[in-house]
Structure formats: C-alpha cells, structure tokens
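build me a structure from this.
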Amino acid sequence: MSKLLKTAALAVVMSCVIAAPGSAQNYPLAPGNYTEVAMIDVADGGGMQYATYLANEWRKAQEFAKSKGWVVSYAVFNNVNSRPGEPDLYLSVTFPSFPDAAEDEKRDQAYRDFMKRTDTQMIAESGDRAKFRTVLGSFLLRELKFK
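Residues are numbered from 1 along each chain as shown. Model (predicted):
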C-alpha cells in the first residue's frame with residue numbers, strides 16, 4: 001500500500017474515532033428489557049404432555065415471578081412453518097435486569113417455597129420432561145428503545 005493511501009486510510013479511521021464521542025451522545029436508542037428465548041423440540045406424541053406442563057407448572061412459575069416484579073412478561077410461540085432441525089416451540093421470558101448473586105439466592109428460595117419443592121425434586125421433574133421434549137438451546141435479546 002502506498003504511503004499516501006495509508007495516510008488517507010488512517011485519516012478516515014481517525015475521523016470516525018474522533019466523531020464517535022459526539023455522535024454517541026445523540027445515539028437514538030436506549031437499552032431496555034432483556035428477553036430470554038428457549039428453543040424446544042417436542043417429541044412425537046409428546047405435545048399434549050408438554051402443553052399441559054406449560055399451561056400448569058411453567059405458567060404458575062412465571063406468574064409467581066411476574067407478581068414479584070422479576071418478570072415483565074412471558075409467552076409460548078409455535079414455530080408454524082418449522083424446517084428440519086428447528087425447534088417446535090419458543091418460550092420467551094422478558095425481565096428488566098439480572099439479579100446479583102445474593103438476590104438470585106433469595107429468588108431461588110422464594111421459588112422453592114412457592115412451588116413446595118426441593119432442588120432435588122425440581123431436577124428430577126426436569127429430567128422427566130426429557131421424555132417428551134428437548135431443549136435445543138436458548139438466546140438472550142436486549143430491547144433497544146427509541147429515545
């Protein structure tokens with residue numbers, strides 16, 4: 001690369017770096033809530049069992065979290081036109097922020113008390129659901145709100 005081209009490229013890069021702080025002050029988007037989305041594959045013949053779990057236990061847990069202000073909203077989405085390898089369902093939970101470690105422990109205890117279950121029982125129940133559903137993964141989104 002010629003010296004003139006290198007100098008011109010450096011000038012362009014530097015003008016972007018120098019301009020960034022001024023334009024960042026006027027950035028038109030502000031951070032909002034987080035949404036975690038779980039991707040679920042439902043086994044053939046397991047739809048009714050999983051739907052019953054979602055309608056009863058999962059919804060009960062989300063309503064409890066919502067009543068505490070930990071969760072803003074939650075939803076179940078059906079992947080109507082799924083392609084091979086894609087999840088059948090998406091479970092979304094929207095929340096304002098992440099708790100610190102101490103708050104997370106308090107919430108876990110409150111949840112166990114509300115559900116009247118021990119960690120051992122909840123882990124076993126989760127394992128039982130593996131008979132009719134597979135969690136393929138999850139992703140975390142953060143809303144950007146217009147200022």
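
on the three-state scheme, Lys66 is what?
Under DSSP: H, G, I helix; E, B strand; the rest coil, the three-state class of Lys66 is helix.

correct me if wrong: it contacts Ala75.
No. Assessed by C-beta atoms under 8 Å, Lys66 is found out of contact with Ala75, at 11.9 Å. The way it works is simple: take the backbone N, C-alpha and C, and place the C-beta from them, glycine included.

so between the two, which is more surrounded?
Lys66 (16 against 12; other C-beta atoms under 10 Å).

how far away is the more buried one from Phe95?
10 Å (C-beta to C-beta, to the nearest Å).

common neighbours of these two, please.
Val72 (C-beta atoms under 8 Å, 6 or more residues apart in numbering).

mind listing the helices for the chain?
Ranges of helices in the chain, per DSSP state H, are 3-24, 47-53, 59-67, 101-115, 119-129.

who does the residue positioned nearest the centre of the chain form a beta bridge with?
Among the residues of the chain, the one closest to the centroid is Glu36, at 0.7 Å (C-alpha atoms, centre = their mean). Beta-bridge partners for Glu36, by DSSP bridges, are Val93, Leu140.

so it touches Ala75, yeah?
No. Proximity of Glu36 to Ala75 does not meet the contact threshold set by C-beta under 8 Å, at 11.6 Å.
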